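*Asks:* Generate coordinates for the sequence data below:
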Amino acid sequence: MGQKRYENRSMVHHRWTHSEVTFIKENLDRMSIRQLSISLGLSFSSVRRKVEQIKSGIMKTGDHLVRTPKSDTTFSEVIFLYYLRKMARECKQRGIRPDVSSFLEEYRNLRGELETSPLAESVKKRIRNIH
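*Replies:* The predicted model follows:
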């Protein structure tokens, strides 16, 4: 039997592409949710939900809701979040339990190096853009 096709798009869960999310982020200040939904050809309610997620800073990554860093986040917190996500990803891929003590040691070493680095701001910006 072939794949079942839905005539009514609202019955199908929409998988957001990177370009759609980028479009919303870039045009959020200029366009209403109605205009965004028309431009993207998606339902008003799904665009509204995505806008709320973007505004609250919560993005879905894997099975976890991870809060994306805000501009008032300290550099150490950004590095900590990045390493926490990295460790969680690696443990999930290998199917092992996280070793928190070695993670904290690795994080402390890296934080010391990066906070004294002239690249600190650019690293912070780059990490903030990772979802």
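*Asks:* so where is the protein shaky, pLDDT-wise?
*Replies:* For the chain, residues meeting the criterion pLDDT under 70 lie at 1-13, 57-79, 111-131.
*Asks:* Output the longest helix belonging to it.
*Replies:* Taking DSSP state H as the criterion, the chain has its longest helix at helix 75-94.
*Asks:* Which positions within the helix or strand where E26 lies qualify as buried?
*Replies:* With secondary structure defined by DSSP states H and E, E26 is part of helix 18-27. Under the neighbour-count criterion of 16 or more other CB atoms under 10 Å, helix 18-27 has 20, 24 buried. Where C-beta positions appear, they are placed from N, C-alpha and C, glycine not excepted.
*Asks:* what does that helix contact?
*Replies:* 36, 39-40, 42, 47, 50-51, 54 (CB atoms under 8 Å, 6 or more residues apart in numbering).
*Asks:* The strand or helix carrying V51 vs helix 18-27, what angle?
*Replies:* In this structure, V51 is located in helix 44-56 according to DSSP H and E. Compare the direction of helix 44-56 with that of helix 18-27 by axes from the mean of the first three to the mean of the last three CA atoms, to 10 degrees and you get 70 degrees.
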